[in-house]
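Novice: what would the 3D arrangement of this be:
(2 chains)
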Amino acid sequence: MSNADNSDGTKKPDLPPSLAAGGDDAENEAADDGTKKPDLPPGLADGDDDGNGTTKPAGPPGAKTPAGPDGDDTAEPTLPPGFGGDGATAEEPELTRKDFQTDQEVRWCPGCGDYVVLAQVQRVLPELDVDKENVVFVSGIGCAGRFPYYMNTYGVHSIHGRAPTFATGLKTSNPELDVWIVTGDGDGLSIGGNHMLHILRRNLDTQILLFNNEIYGLTKGQYSPTSEQGKVTKSTPHGSVDRPVNPVGFALGADASFVARTADQDPTHMTDMMKAAHGHEGTAFIEIYQNCHVFNDGAFAEFTDKDSKALRTLQLEDGEPLTFDNGRKGIRIDPVSLEPEVISLEDGEYGIDDVHEHDVTSSNLARILGELFWEPDLPRPFGIIYQEDRPTYEQMVQDQVDQAIAEDEPSDLEGLLKGSDTWTVDE
Amino acid sequence: MELDLPVLDEEEATEPEAVPDATVLFAGDSGDGMQLTGNQFTRATAHAKNDLATLPDYPAEIRAPAGTTFGVSAFQIQFGAGEVRTPGEEVDMLVAMNPAALRVHGDRVAPGGTIITNENAFTDRNLNKAGYDSNPLEDGSLDEYQVFPIELTRITRTALEDHPLKQDQKDRAKNMFALGLASWLYSRPLAPAIKWIRKKFEDKPDILEANLHVLKKGYHFGETADLFVTRYEVREAELPEGTYRTITGAEALSLGLVSAGEKSGLDVYYSSYPITPASDILHEMTNHKQFGVKTVQAEDEIAAVTSALGASFGGKIGVTATSGPGVALKTEAIGLGVITELPLIVINMQRGGPSTGLPTKPEQSDLLQALYGRNGDAPAAILAPHSPSDCFEVAFEAAKIATKYMTPVFIMADGYLGQGAEPWRVPDPSDLPEIDVEFASETNGVDGEGREIFQPYVRDDETLSRGWAVPGTPDLEHQIGGLEKEHETGHVSYDPENHQKMTEIRAEKVQRITQDIPSTEINGPESGDVLVIGWGSTKGAIDTAVNRMQAEGDAASSVHLRHLSPLPADLDEIVARFDRVLVPELNNGQLLRVLRDRYARPFEGLNKIQGQPLQAREVVDAARSLIPA
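Specialist: Just a heads-up that it's a prediction; the model follows:
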């Protein structure tokens, strides 16, 4: 996900031989066999145009069937309270998924996790109570950066790492807009890391979808700031020595007011996170584990494969105990050391009351959950890790403007030009 | 509280000698308050209704080591009864608060001119720091000047003997003594300074009283010390009828932007990252919220410009300001503005470069950066104001061009314009032209599935500018971005012919701005031996020089370019009417290269790269050398 945007492999006639189909390694071959008609995962292809998925996305090739609760296959989406359907727009024709699709050819590699995110966004938007013309998608550079071209909304494909800044100007000057930021691990946490810090602390009311595939895909496979230490890539044949960024920890450290994690293999969960993020007033940061099956296939398999998911993930629900492994285990927080530990709920030593209860408003708990990233023996949390109500940036800016207008004589341009100290020259 | 204010009784005062103009320079340590002194002297001069021009000249360090030459902070002002175009060349009166100030600025004093020094600061240690082997006040080296060593520190301390302030606070008031004395010497009113001090130190009565007391002492000292045989007066300037104020370039840029917002009906969004010498504009803009102005102090230069572009996408006038190093960082985003064809105003308060360079010194060395400093063929409009008040008109015009032609526009000012001040005849807002902006409101095409859509790169025949469809407008949803787009449809396109076409259209669109550029004014005869072409803040010096030459019989004229991209259409034929062309610039020959590239004529450069303004005599010498004997 770097500046080599022209390397997006779709129409291939001009590629040098070494990069064309039949190249010298499997990665290149896979990267460059993009055809005019991407080989979409089932359930994501054209024809699924009735506004609600009737078949469950199977995920990218090679991936296991998504585990987790079924969803997405009901004829009429059931909205949680507060999301859309309030009757105010009853006379408007209802928007469908198709309304958010463009006629542009989607150019991601066949089987890319990005398709899942795109499909979920196109599905979820009709369920949100927003006017389509107010929706804007802003992206940076990288595979995820193409996202706005595939959305039939206002969209800007900006420059590398700067989507949060473009969004800051757009949203601050137009608070009524519904702004979504699409970024990746390189775009959002490497070249754009500074802006990520500042948009989160400011709390601009936007949704940030951070596609984390732990690799640079568009530049054909260098390690990214989220790649694990020791990652062997083209740029690190002896293994990377960089310690990775923990995106959730970064967001919490930047005082984000909404932090969640989801995965491309769990579209229903992703949809729930998007709805919650949209309902949140402030910057909503969603880290999406997104499989790059060309350059980093299976990076998140332990969290998404049916065999390991129950044991390796902690599905967070506000107010519910932190249990996993189908209720057989839980997370207890030691009252003295404040260290999280796994407890068994089967051997009689501990009961469900010993399991810590999730509280999305607890910043201390959020930090503990965020730090589980570094614990190979503890499950990885998915869901809303932290949520806090606090004023949004654009509203505070607007308030100052409104106050100035209320206090001063508005539009007294003459008075402004003259200032406080004038003299006159007569003929 | 009751204060014993000076009674400005003209009858008792020494009869002043009328002079047409004067140049005064205050210089001292960066902690001596010289900028404040200069600013107050300027306000008094404005109230005396003189024309004036100022030049603040200070080090990059906030408090450089005391007594050093590199820590000298200076403020120069020229004022006159006639038109004043520059802050002056030879100095009529230098106020030097220490040996370093004398060392740095002493040779700029005209023979016979006045030098006032703080005698108490001429210690061996300070003389040594300033590089003097002997005390210039005693060794005869200043014999050609009228030197008045005054014990400023001691007198100030004595005057404040009974005040409760600490010694260092008392010492800091000595600049008020200098201000009072200078005001007496040039018959300036004290009222503006008194008013200012009262407001500034409203909450600090001790300091307020001390400052007023010392200011008054300085004024009275001139009258009673029996030291000065001459006192000067500069009569009111004959300015056109109207209401006047003093204005700095930073203020004028801000007011121009706010006015453009009012006249276009668009809100102004201003985002910048603090940088010398552009921060003053942010300080100004943030006080204009009642006009709907939103300001964002961004996390860096890139965020500042990209957020301004985001605001422009949202239908606002997006503005950012910085200096050269900041423009370097903004470059990629400005390119995004070029390819997305969004309005954007980038103000460059140029300073000496490269890199961090000379942060507080003016230079004109970013012209080529503005013209060519982006990847790809990425044309943008470039305007340059020529004086502090001209910044108002240029900012207004920049907004007009940016919104009409959907293009980034650079405003190339500098620290000298930004911080320099001059009188400004305040325009009547109803006399300002309207800026007509029409957002796109209709679909203009059909997509692959037969839906009515908005195609972002369908263009206006006259301007070639594309439609500005603002988010929130139903049915005009569209996507733009940094990838090359197909002509009209705006789809991502790597088609070779399309890229060539779009590149040529972007260039032609900026070129078409020439249809809005008025014919070039020539200062002097329409043809002659030598034409001097300048741009930006050097206009005062160039016009002064050329007028002097004309008065002395030379066939010289000058042209000052406000529009640097595109260049005015009539420039070619003007250039052709002169035998030689001199291009003075505060850089190593940038407009010079542009002109040589554009017109095959013998252009000569005059390149001053010293962090100091151009002087008229330098232009006269260079221009005369081009005229055959």
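
Novice: quick one, helices of the stretch 401-550 of chain B?
Specialist: B:415-419, B:496-511, B:539-551 (DSSP state H, counting those that start in this stretch).

Novice: and of the ones you listed, who's closest to B:Val91?
Specialist: Closest of those to B:Val91 is helix B:539-551, at 15.5 Å (criterion: C-beta to C-beta). The way it works is simple: take the backbone N, C-alpha and C, and place the C-beta from them, glycine included.

Novice: what's the helix or strand following the closest one in contact with?
Specialist: Next in sequence after helix B:539-551, counting helices and strands by DSSP states H and E, comes strand B:556-561. With contact meaning C-beta atoms under 8 Å, 6 or more residues apart in numbering or on different chains, strand B:556-561 is reached by B:384, B:386, B:520-535, B:539, B:542-543, B:545-546, B:549-550, B:567-568, B:571, B:574, B:578, B:591, B:623, B:627.

Novice: residues contacting the residue nearest the centre of chain B?
Specialist: Central residue of chain B (C-alpha atoms, centre = their mean): B:Leu417, 1.1 Å from the mean position. Shown in contact with B:Leu417 (C-beta under 8 Å, 6+ apart): B:Gly249, B:Met349, B:Pro362, B:Pro385, B:Ser387, B:Pro388, B:Cys391, B:Gly536, B:Ser537.

Novice: pLDDT score for it?
Specialist: B:Leu417 carries a pLDDT value of 94.

Novice: and what of the one 5 residues further on?
Specialist: At B:Glu422, the model reports a pLDDT of 94.

Novice: what parts of the stretch 1-150 of chain A come near chain B?
Specialist: Contacts of the stretch 1-150 of chain A with chain B, taken as C-beta under 8 Å from any C-beta of the partner chain, map to A:5-6, A:11, A:102-104, A:131-134, A:136-139, A:141, A:148-149.

Novice: out of those residues, which are buried?
Specialist: Using 16 or more other C-beta atoms under 10 Å in any protein chain shown as the burial test, the residues of the stretch 1-150 of chain A next to chain B include A:5, A:102, A:104, A:132-134, A:136-139, A:141, A:148-149 as buried.

Novice: secondary structure and pLDDT added to those, as CSV?
Specialist: Shown next, in CSV, are these (DSSP: H, G, I helix; E, B strand; the rest coil; pLDDT from 0 to 100):
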residue, secondary structure, pLDDT
A:Asp5, helix, 43
A:Thr102, coil, 89
A:Gln104, coil, 84
A:Lys132, helix, 97
A:Glu133, helix, 98
A:Asn134, helix, 98
A:Val136, strand, 98
A:Phe137, strand, 98
A:Val138, strand, 98
A:Ser139, strand, 98
A:Ile141, coil, 97
A:Pro148, helix, 97
A:Tyr149, helix, 96
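
Novice: could I get those as a markdown table with distance to B:Lys195?
Specialist: Shown next, in a markdown table, are those (distance: C-beta to C-beta, whole Å):
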| residue | distance to B:Lys195 |
| --- | --- |
| A:Asp5 | 59 |
| A:Thr102 | 63 |
| A:Gln104 | 64 |
| A:Lys132 | 57 |
| A:Glu133 | 53 |
| A:Asn134 | 50 |
| A:Val136 | 50 |
| A:Phe137 | 55 |
| A:Val138 | 49 |
| A:Ser139 | 54 |
| A:Ile141 | 55 |
| A:Pro148 | 56 |
| A:Tyr149 | 60 |
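
Novice: out of those, the closest to B:Gly324 would be?
Specialist: Once C-beta to C-beta is applied, the member of those that ends up nearest B:Gly324 is A:Ile141, at 25.8 Å.

Novice: wait, that closest one touches A:Asp187, no?
Specialist: Yes. Between A:Ile141 and A:Asp187 there is a contact at 5.9 Å, judged by C-beta atoms under 8 Å.

Novice: hmm, A:Leu209 and A:Val179 touching each other?
Specialist: No. Applying C-beta under 8 Å, one finds A:Val179 not in contact with A:Leu209, separated by 11.7 Å.

Novice: list the contacts for A:Leu177?
Specialist: With C-beta under 8 Å, 6+ apart, A:Leu177 has these contacts: A:Asn134, A:Val135, A:Val136, A:Leu170, A:Lys171, B:Gly314, B:Pro471, B:Gly472.

Novice: pull up the gap between it and A:Gln400, please.
Specialist: Distance check for A:Leu177 against A:Gln400: by C-beta to C-beta, to the nearest Å, it reads 19 Å.

Novice: likewise for B:Lys330?
Specialist: 26 Å.

Novice: with neighbour numbers in mind, choose between these two.
Specialist: Neighbour count, other C-beta atoms under 10 Å in any protein chain shown: between B:Lys330 and A:Gln400, B:Lys330 has more, with 29 against 13.

Novice: about what we covered before: check the contacts of strand B:556-561 against chain A, which are close?
Specialist: Counting by C-beta under 8 Å from any C-beta, no member of the contacts of strand B:556-561 reaches chain A.

Novice: just the buried ones from these?
Specialist: B:384, B:386, B:520, B:522-524, B:528-535, B:539, B:542-543, B:545-546, B:549-550, B:567-568, B:571, B:574, B:578, B:591, B:623.

Novice: so which of the contacts of A:Leu177 belong to strands?
Specialist: Under the assignment DSSP state E, the contacts of A:Leu177 contribute A:Val135, A:Val136 to strands.

Novice: B:Glu449 touches A:Thr102, doesn't it?
Specialist: No. Assessed by C-beta under 8 Å, B:Glu449 is found out of contact with A:Thr102, at 9.3 Å.

Novice: beta partners for B:Ile317?
Specialist: B:Val268 (DSSP bridges).

Novice: check contacts around it.
Specialist: B:257, B:260-261, B:264, B:266-269, B:311, B:343, B:345, B:399, B:402-403.

Novice: same thing but at 10 Å, please
Specialist: Going by C-beta atoms under 10 Å, 6 or more residues apart in numbering or on different chains, B:Ile317 touches A:173, B:257-258, B:260-261, B:264, B:266-270, B:293, B:308, B:311, B:343-345, B:398-399, B:402-403, B:435, B:437.

Novice: so where is the stretch 251-400 of chain B shaky, pLDDT-wise?
Specialist: Nowhere does the stretch 251-400 of chain B drop to pLDDT under 70.

Novice: which residues of the chain score low on pLDDT?
Specialist: Because you didn't say which chain, this covers chain A. A:1-92, A:409-411.

Novice: looking at chain B here, not the other one
Specialist: Looking at chain B by pLDDT under 70, you get B:1-14.
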